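In: Sequence plus predicted model, see below.
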Amino acid sequence: MVDASDLLVLATVVQTVVLTLTLFIFIFQFRSQEKAIRESSYQNVLGRYNEYIMSGDDADNLMLARLLDPGQNYTKEEMAGIRRLMIAYGIIEEAYELYSKGWIDKNTWAQWDAWLQAISVYPAFVTMHNATKGMFDPEFQGHVTKLLDSGERSAAK
């Protein structure tokens, strides 16, 4: 026959098992939510890339020219190119931050880095990079500085 203390022990064991299973379920839910957030972050970068490719507004060219070199007169075409470089620079910085957090893998980052190398050969890239020091993530800007110093830029000059 089962006495009250045995029932109490059995009830405690069952409650412990149920609580443990509930905690495991929460852990797996949080992991899947984290993965979804990571994927969403990367999809956001890709979406911004698509916006970048399709954009073409030159309303901020004067402000950008003052940032780069107030004494230099840039043509409308040069300013449009520099503005697009700056947008691309910001997008690539976001991808770098995702890579630094481990949210995108090394192979995916290598594709973004190849784009960075390709745009770094644009004549105004170094000027834009130097003018924006402190405006972007310091680790990313350090990565770009190393890229510029190492000569690893694409030969598509």
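Out: The structure has been received and is ready for your questions.
In: Return the distance of stretch 73-84 from the chain's centre.
Out: The chain centroid and the centroid of stretch 73-84 are separated by 25 Å under C-alpha atoms, centre = their mean, to the nearest Å.
In: quick one: the longest helix seen in the chain to chain centroid distance?
Out: Determined from DSSP state H, the single longest helix within the chain is helix 4-54. Helix 4-54 sits 24 Å away from the centroid of its parent chain (C-alpha atoms, centre = their mean).
In: One more: stretch 66-78?
Out: 28 Å.
In: The longest helix of the chain - contacts with which helices or strands?
Out: On a contact count with 3 or more C-beta pairs under 8 Å, 6 or more residues apart in numbering; DSSP states H and E, helix 4-54 meets helix 76-100. Any C-beta I mention is one placed from the backbone N, CA and C, and that applies to glycine too.
In: quick check: angle from whichever helix or strand comes after the helix it packs on to helix 76-100?
Out: Sequence-wise, the next helix or strand downstream of helix 76-100 (DSSP states H and E) is helix 106-119. Interaxial angle, helix 106-119 versus helix 76-100 (axes from the mean of the first three to the mean of the last three C-alpha atoms, to 10 degrees): 160 degrees.
In: packing partners for helix 106-119?
Out: Contacts defined by 3+ C-beta pairs under 8 Å, 6+ apart place helix 106-119 against helix 76-100, helix 138-150.
In: Contacts for the longest one next, please.
Out: Under the contact criterion C-beta atoms under 8 Å, 6 or more residues apart in numbering, helix 76-100 has outside partners 38, 41-42, 44-45, 48-49, 52, 55-56, 58, 60-61, 64-65, 68, 74, 104, 106, 108-109, 112, 115-116, 119, 122, 124-125, 127-129, 132, 136-137, 139-140, 143-144.
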